[in-house]
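> need coordinates for the below:
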Amino acid sequence: MAPDPATLALLADLIAFDTVSARSNRALIDHAAAWLATRGITAEVLPSEDGEKASLWATIGPHVDGGIVLSGHSDVVPVEGQDWSSDPFRLDIRDGRAFGRGVADMKGFIACALSAAARLNDAPLKRPIHVALTYDEEVGCIGAPKLLDWLSRQAPRPAIAFIGEPTSMQVVNAHKGIVVARTDIRGVEAHSSLAHQGVSAIGLAARAITLLQRIEAELAVQVRDARFEPDRTTISVNRIGGGTAANILAGHAWFEWDIRSIPGVDVPATLARFRQALEEEVIAPARALHPGVSAATLIVADAPALAPEEDGAAEALATRLLGTNRAVAVPYAAEAGQFQRAGLSTVIVGPGSIEQAHKADEYASLDQLARCEQFLDRLGAELSR
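Okay, the predicted model is just below:
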């Protein structure tokens, strides 16, 4: 199968926008809004606080509750240091595949969703279809909560969300959550020959990291889920720094870490447990000798896990449209858990494979894009009955 040429033309437009998370996505969002407008569809553009980025919300069909959201993030990961065979920001079609940064993750789905909205705008829909484009998913799923907060004050209310991450058009009903945190520790500087006069923040940080390792081991005993690989919650310390010289006890140290949680793990309780243990076992004893000792943990990003729903409406609809009764779990984090937390029945389903995402020569097969179009056309037919 091959996708509609109009979808590929729109995908070429989207790929040409360099929407690496460190840069603005406004040009892409404005282009999408203008593209929809020329087809009689009005879009809301929702700027970030600084105006550098924006989300988009567009609706086709009747002004009633119970609609379906087709959501995709507009940002992509960098291409620096990758050996591409073609310009990553120019759509290249060869050997039955569409190549370009973001084709799989996830501008391919966005092109299919926008194109479907244009095709279905005059269909006799009984429930609406909403298209949502977000920003900064690749750096912690930052943009979606702002869109969802805005949506909570709007009417009508959608009921279901399909998040178009690359799943090879399989239905995904569970993904891991992620919390990214930064812990800063203040010690007391002293010359290392007079170590009794101070306390090293790096030494305290090392003990704090040991606490995280202990909590990770305890969680592994408490909750496991064989559908994930690894089948447990992980806690990883991924960046660290501190100190000013080799002969000075460090006055400051920091480390950045994340929790990749499987559904069923109480992440707020886990964070509270770490903060309490850090205070009681590490900071308080040091502060008793050196009053200047302190620690603070800042949550940088928070995207909850997507949990399977009992008799979930999104899963039932997606599997029916695809003619399957199977749903799978994925180990990565996504915005789906945020949509579910906002009260929408949610699954992930989209063209392309996560195996091709974030790599040089990222691609989705033309067959996958066509299957996504077919899925969305079936959705339109379902909502028109």
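
> what are the buried residues along stretch 151-159?
Buried residues in stretch 151-159, counting neighbours by 16 or more other Cβ atoms under 10 Å, are found at Leu151, Pro158, Ala159. Every C-beta, even on glycine, is put in place using the N, C-alpha and C of the backbone.

> now the terminal residues of that stretch, how far apart.
12 Å (Cα to Cα, to the nearest Å).

> name the residues that touch it?
Outside stretch 151-159, the residues that touch it by Cβ atoms under 8 Å, 6 or more residues apart in numbering are 57, 63-69, 128, 130, 313, 342, 344-345.

> make CSV from these and add neighbour count, secondary structure and distance to Glu165 to it.
Compiled in CSV, the contacts of stretch 151-159 are given as follows (neighbours: other Cβ atoms under 10 Å; DSSP: H, G, I helix; E, B strand; the rest coil; distance: Cβ to Cβ, whole Å):
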residue, neighbour count, secondary structure, distance to Glu165
Trp57, 21, strand, 19
His63, 9, coil, 29
Val64, 13, coil, 28
Asp65, 12, coil, 26
Gly66, 15, coil, 24
Gly67, 23, coil, 20
Ile68, 27, strand, 16
Val69, 25, strand, 14
Pro128, 19, coil, 22
His130, 21, strand, 17
Ala313, 16, helix, 19
Ala342, 17, coil, 17
Leu344, 24, coil, 16
Ser345, 19, strand, 17
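
> which of these lies closest to Ala117?
When the contacts of stretch 151-159 are compared for distance to Ala117 (Cβ to Cβ), His130 comes out closest, at 9.0 Å.

> returning to what we had before: redo the buried residues of stretch 151-159 as CSV? Include secondary structure, distance to Asn25 and pLDDT.
Formatted as CSV, those follow (DSSP: H, G, I helix; E, B strand; the rest coil; distance: Cβ to Cβ, whole Å; pLDDT from 0 to 100):
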residue, secondary structure, distance to Asn25, pLDDT
Leu151, helix, 19, 97
Pro158, coil, 22, 98
Ala159, coil, 27, 98
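
> hmm, Gly209 is touching Phe255, no?
Quick fix: residue 209 reads Ile, not Gly. Yes - with the criterion set as Cβ atoms under 8 Å, Ile209 and Phe255 qualify as a contacting pair; they are 6.5 Å apart.

> which neighbours do the two have in common?
Going by Cβ under 8 Å, 6+ apart, residues that sit against Ile209 and also against Phe255 are Val237.

> more crowded one of those two?
Neighbours were counted for Ile209 and for Phe255 using other Cβ atoms under 10 Å; Phe255 has more, 21 against 16.

> now that one. Nearest residue, chain neighbours left out?
Spatial nearest neighbour of Phe255, excluding adjacent residues (Cβ to Cβ, 6 or more residues apart in numbering): Ile240 at 4.2 Å.

> look at that neighbour and give its secondary structure.
For Ile240, the secondary-structure state derived from DSSP: H, G, I helix; E, B strand; the rest coil is strand.

> now the one 10 residues further on
Counting by three-state DSSP, the backbone at Ala250 sits in coil.

> how about the helices in the stretch 201-350 of the chain?
In chain order, the stretch 201-350 of the chain shows helices spanning 201-222, 267-277, 284-289, 313-322, 336-341, with DSSP state H, counting those that start in this stretch as the criterion.

> quick revisit: touching, the residue nearest to Phe255 and His252? I think so.
No - Ile240 is not in contact with His252 according to Cβ under 8 Å; the separation is 12.0 Å.

> list the contacts of stretch 281-297.
When contacts are taken as Cβ under 8 Å, 6+ apart, the neighbours of stretch 281-297 outside the stretch itself are 181-188, 198-199, 204, 207-208, 211, 271, 274-275, 278-279.

> for Ala116, find the nearest of the helices of the stretch 201-350 of the chain.
Using Cβ to Cβ as the criterion, the shortest distance between Ala116 and the helices of the stretch 201-350 of the chain is 12.4 Å, found for helix 313-322.

> give me the helices and strands touching that closest one, please.
strand 160-163, strand 171-175, strand 345-348, helix 366-383 (3 or more Cβ pairs under 8 Å, 6 or more residues apart in numbering; DSSP states H and E).

> just give me the residue right at the centre of the chain.
Within the chain, one residue has its C-alpha closest to the average C-alpha position: by Cα atoms, centre = their mean, that is Ala334, at 3.3 Å.

> report the contact partners of that one.
With the criterion set at Cβ under 8 Å, 6+ apart, Ala334 makes contact with Glu137, Cys141, Ile163, Glu165, His175, Ala303, Leu306, Ile348.

> how near is the last one to Leu322?
Ile348 is 13 Å from Leu322, where distance means Cβ to Cβ, to the nearest Å.

> got the phi/psi numbers for Ile185?
The phi and psi values for Ile185, taken as degrees, to the nearest 10, are phi -120, psi 130.

> just list whatever residues bridge to it.
The residues listed as beta-bridge partners of Ile185 by DSSP bridges are Ala253, Ala295.

> can you pull the contacts of it?
Residues counted as contacts of Ile185 (Cβ under 8 Å, 6+ apart) are Ala201, Leu204, Ala205, Ala208, Gly242, His252, Ala253, Trp254, Ile283, Val293, Ser294, Ala295.

> from memory the second one sits against Gly187, does it?
Yes - using Cβ under 8 Å, Leu204 makes contact with Gly187 at a distance of 6.0 Å.

> go through stretch 356-375 and flag the buried ones.
Of the residues in stretch 356-375, 356-358, 361-366, 368-375 count as buried by neighbour count, 16+ other Cβ under 10 Å.
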